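Colleague: fold the stuff below for me.
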Amino acid sequence: MQTIEKEIVFDVEAMRNNFPILHTTVHGKKLVYLDNAATTQKPNAVIETLNLYYREQNANIHRGVHHLSEVATFEYEKARGKIKNFINASSVKEVIFTKGTTDSINLVAHSYGRKHLAEGDEVIISAMEHHSNIVPWQMICEEKKAILRIIPMNDDGELLLNEYESLLTPRTKIVSVVYVSNSLGTINPIKKIIELAHRNGSIVLIDGAQAVAHTHVDVQQLECDFFAFSGHKLFGPTGIGVLYGKQSLLEEMNPYQGGGDMIKSVTFEKTTFNDLPYKFEAGTPHIAGGIGLGAAIDFVQSVGLEQIASYEKDLLTYAAQALRSIPDIRIIGTAREKAGVASFVIEGIHPHDIGTILDREGIAIRTGHHCTQPVMKRFGIPATARASFAFYNTKEEVDELVKGIGKVKEVFG
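Modeller: Have a look, this model is predicted:
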């Protein structure tokens, strides 16, 4: 007997009602927010969780015996447990709270890289990295007299895996690669990149900032050694992020920062560090941010990452076709596997001018080099205009973007 699968209908308008900012106006026009790769908007569930914390639960954590401290500590550590389950870490000991992806990468570069890199060793990154996955490695390589190697990419914005494989040598200690490019939208073959690195005996860090809101991440299935992401890319608060690390690696790493809560005992002669994960969490953390990130994860899981990915893929296809129909537009980043980013340039018009005129129409996009200046150099351009999508965006908003670009072209003749 033939079974007919019921199509799941994604009710985007109902979803948008969870995000109050989407119903505001800009310059008298209804807001069209297409800057999600820079930061995502926050649902009521996250906003209310932050309000609740500051209204009824605010206290410092881990140190107090009074009621508020115990409540705040419980909620903060409950959020750590949610993150552990969300990325399928083996233990909460492998979930380190940080300020964000940049902080997480710096932690690995300094705590792992400083200990394991020696003169002549090599670190591999890719040609499409965000500055936060370039500069920390340049700094530590300069300090340790190590060498930074770059995986090249083709004209579509896809990494050349054959070139990558040839870069791997016994001197390669670390591979640090972005999962999804913030300026091109390319989804890299991370599983293959990790497999090749491990076969070579190298450890791998994945910059997952642009991935966690768009696809299911299972760090055990990926077998990555480190994975970094930011809360504000995942509909959570700014100033909070996560570093996942395999427990065996974290155990033998030295702390990145010193201070309160990352110690067991301190004398003027010697300090004994705390157990994981607290060894890497010096000082009073962003308590509300951690709890808010837990609420964001609850919200995303209630929607369903598979449903999100399917909807966004359809939306990106629609947007790419609409943009290609406009004369004089060149799309930057045409990889076969892409997430919700559409970067483009218009002949004879600077991206900043595009962004300024679109803003007057209520349309928020990002313009500039997107903290990926080497990418811009690779494509021979100073900057791009970038529209980036989330599951609360609509095809009607894409149509508004196309109309807005039409006005840009009118202004510039």
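Colleague: keeping just the C-alphas, turn stretch 124-131 into PDB.
Modeller: What follows is stretch 124-131, C-alpha atoms only, in PDB (Å, rounded to 0.1, in the frame of the first residue of the first chain):
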ATOM      1  CA  ILE A 124      46.100  25.700   8.300                       C
ATOM      2  CA  ILE A 125      43.200  28.100   7.800                       C
ATOM      3  CA  SER A 126      41.200  28.800   4.600                       C
ATOM      4  CA  ALA A 127      40.900  31.700   2.200                       C
ATOM      5  CA  MET A 128      37.400  32.500   3.300                       C
ATOM      6  CA  GLU A 129      38.000  33.000   7.000                       C
ATOM      7  CA  HIS A 130      36.500  35.800   9.100                       C
ATOM      8  CA  HIS A 131      39.200  38.000  10.600                       C
END
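Colleague: mind listing what's buried along that stretch?
Modeller: Of all the residues in stretch 124-131, those buried under the rule 16 or more other C-beta atoms under 10 Å are 124, 125, 126, 127, 128, 129, 130. All C-beta spots, glycine's among them, are computed from the backbone N, C-alpha and C.
Colleague: touching, the last one and residue 228? I think so.
Modeller: So that's residue 130. No: using C-beta atoms under 8 Å, residue 130 is not in contact with residue 228, being 10.8 Å away.
Colleague: hey, what's in contact with both of the two?
Modeller: Among the neighbours of residue 130, those also in contact with residue 228 (C-beta atoms under 8 Å, 6 or more residues apart in numbering) are 207, 209.
Colleague: ok so, going back, of the buried residues of stretch 124-131, closest to residue 180?
Modeller: For the buried residues of stretch 124-131, the residue nearest residue 180 by C-beta to C-beta is residue 128; the value is 9.7 Å.
Colleague: and that closest one, that's in a strand?
Modeller: No: assignment of residue 128 by DSSP: H, G, I helix; E, B strand; the rest coil gives coil, placing it outside any strand.
Colleague: look up phi and psi at it.
Modeller: Phi and psi for residue 128, reported as degrees, to the nearest 10, are phi -110, psi 20.
Colleague: for residue 132, give its distance to residue 207.
Modeller: The gap separating residue 132 from residue 207 is 7 Å, by C-beta to C-beta, to the nearest Å.
Colleague: list the contacts of residue 301.
Modeller: residue 86.
Colleague: please report phi then psi for it.
Modeller: The phi and psi values for residue 301, taken as degrees, to the nearest 10, are phi -70, psi -30.
Colleague: ok, and for whichever helix or strand residue 15 is part of, which residues are buried?
Modeller: Assigned by DSSP states H and E, residue 15 belongs to helix 12-16. Buried positions in helix 12-16, judged by neighbour count with 16+ other C-beta under 10 Å: 12, 15, 16.
Colleague: averaged pLDDT, stretch 113-133. What do you get?
Modeller: For stretch 113-133, the mean pLDDT works out to 98.
Colleague: wait, I meant stretch 209-216
Modeller: Summarised as a single mean, pLDDT over stretch 209-216 is 96.
Colleague: again with stretch 325-333
Modeller: Throughout stretch 325-333, pLDDT has a mean value of 96.
Colleague: picking that back up, where do the contact lists of residue 132 and residue 207 overlap?
Modeller: By C-beta under 8 Å, 6+ apart, the residues touching both residue 132 and residue 207 are 101, 105.
Colleague: from the middle of its chain, how far away would the helix holding residue 15 be?
Modeller: 23 Å (C-alpha atoms, centre = their mean, to the nearest Å).
Colleague: list the contacts of whichever helix or strand comes after it.
Modeller: Using DSSP H and E, the helix or strand that directly follows helix 12-16 along the chain is strand 25-26. The set of residues external to strand 25-26 that reach it, using C-beta under 8 Å, 6+ apart, is 31, 359, 362, 364.
Colleague: same thing with stretch 312-324?
Modeller: Outside stretch 312-324, the residues within contact range by C-beta under 8 Å, 6+ apart are 185, 214, 329, 331, 338-342, 344, 387, 389-391, 393-395, 398-399, 401-402, 405.
Colleague: what ranges does the stretch 101-250 of the chain have for its helices?
Modeller: Counting by DSSP state H, counting those that start in this stretch, the stretch 101-250 of the chain has helices at residues 101-107, 114-116, 135-144, 161-167, 190-199, 219-222, 247-252.
Colleague: tell me which of those is the most buried.
Modeller: Most buried of these, by mean neighbour count (mean count of other C-beta atoms under 10 Å): helix 101-107, with a mean of 25.
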